[in-house]
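Asks: Take this sequence and fold it.
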Amino acid sequence: AAPSGISAMLSGIVIGAGFFTLLRSILIFLSTPLPVGELLIIIALITMSVGNLMAFSQLTHKQADLKRLLAYSSVAQMGNIILGVGVGFAYGIRIGYEGGLFHIMTHAFMKGLAFLCAGAIIHELGTRYLDEMNGIGLSMKTTGFAFTLSLLALAGVPPLSGFMSEWMVFSSGILTYGVIGWWGIAIAIIALLNALLSLGYYLPIIKTLYLPAEHKKIAKAKDASMVMLVAIGILAALTIILGIWPELGLQAVKPAVDILMSIGGV
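Replies: Prediction:
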């Protein structure tokens, strides 16, 4: 229900702050027999599965709420973050920490971009319902392109930033094979299936953007204001740059990873 600009901040930044609070709380239990890492992995797999299924279920509604769909997507994306860090805590796999923390950064940019684009479309049309947006990408060309870019990044399509951070998380799951055998492969498969499931609701949104326009209001719609397009352009550029040169982002998370590796243990 929040304004789209606030939604972009809530989804891109505030949920990350919630994760850091969780992380600081978890550090208290590292010296206890409690299997913190393993519990985080289970929570992560449940979180991403429930988030994706709830987002997918929105498409079955007669009037799918675009912002609600994106919000459920954020739940699923938090699952990726927790999974990477959980694998790091449980098995001391560095790429798990790197992927989880890097995904906080990539998600902030690509989900912020998605909410800003969705907000521009909702403001122009006066509706949040997906079935009333057919063809809006043909009228709001720049906004539609940026929105498509953000959704593909969230789905983990290469060479965008979401692919790089999600691939690191998947890789950490595969690397657990040497420690826990096929259970590690199962973790990676569940994460991969969730990525494929997310395509099941991201692609229909993109399809809707470029269907033939059904209303004159859509045909006459104009792109977002120049000020908003600048913000959209910056976030779109970061989403592309961090996919092509992930080291730019990884340099920022590596000091935190070093700390977690030193105190996490196995």
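Asks: now the helices for the chain?
Replies: 4-9, 15-26, 36-58, 66-91, 94-125, 136-139, 141-154, 161-175, 177-180, 182-209, 216-219, 226-244, 247-264 (DSSP state H).
Asks: weakest of the ones you listed by average pLDDT?
Replies: Across the helices of the chain, helix 4-9 has the smallest mean pLDDT, namely a mean of 67.
Asks: how close does residue 78 get to residue 157?
Replies: Using C-beta to C-beta, to the nearest Å, we find residue 78 at a distance of 20 Å from residue 157. From N, CA and C alone the C-beta is placed, and that goes for glycine too.
Asks: Which one's more surrounded, these two?
Replies: Between residue 78 and residue 157, residue 78 has the larger neighbour count (other C-beta atoms under 10 Å), namely 24 against 17.
Asks: Touching, the more buried one and residue 14? I think so.
Replies: No. The criterion here is C-beta atoms under 8 Å, and residue 78 misses it with residue 14 at 11.5 Å.
Asks: Compute the first-to-last residue distance for stretch 239-251.
Replies: 16 Å (C-alpha to C-alpha, to the nearest Å).
Asks: Which residues does it contact?
Replies: Stretch 239-251 has contacts (C-beta atoms under 8 Å, 6 or more residues apart in numbering) with 98, 102, 105-106, 109-110, 113, 149-150, 153, 158-165.
Asks: now these: which count as buried?
Replies: The neighbour count (16 or more other C-beta atoms under 10 Å) marks 98, 102, 105-106, 109-110, 113, 149-150, 153, 160-165 as buried among the contacts of stretch 239-251.
Asks: Check those and tell me the two furthest apart.
Replies: 98 and 149 (23.9 Å; C-beta to C-beta).
Asks: measure residue 218 to residue 228 for me?
Replies: In terms of C-beta to C-beta, residue 218 sits 19 Å off from residue 228.
Asks: Who has more neighbours out of the two?
Replies: residue 218 (22 against 18).
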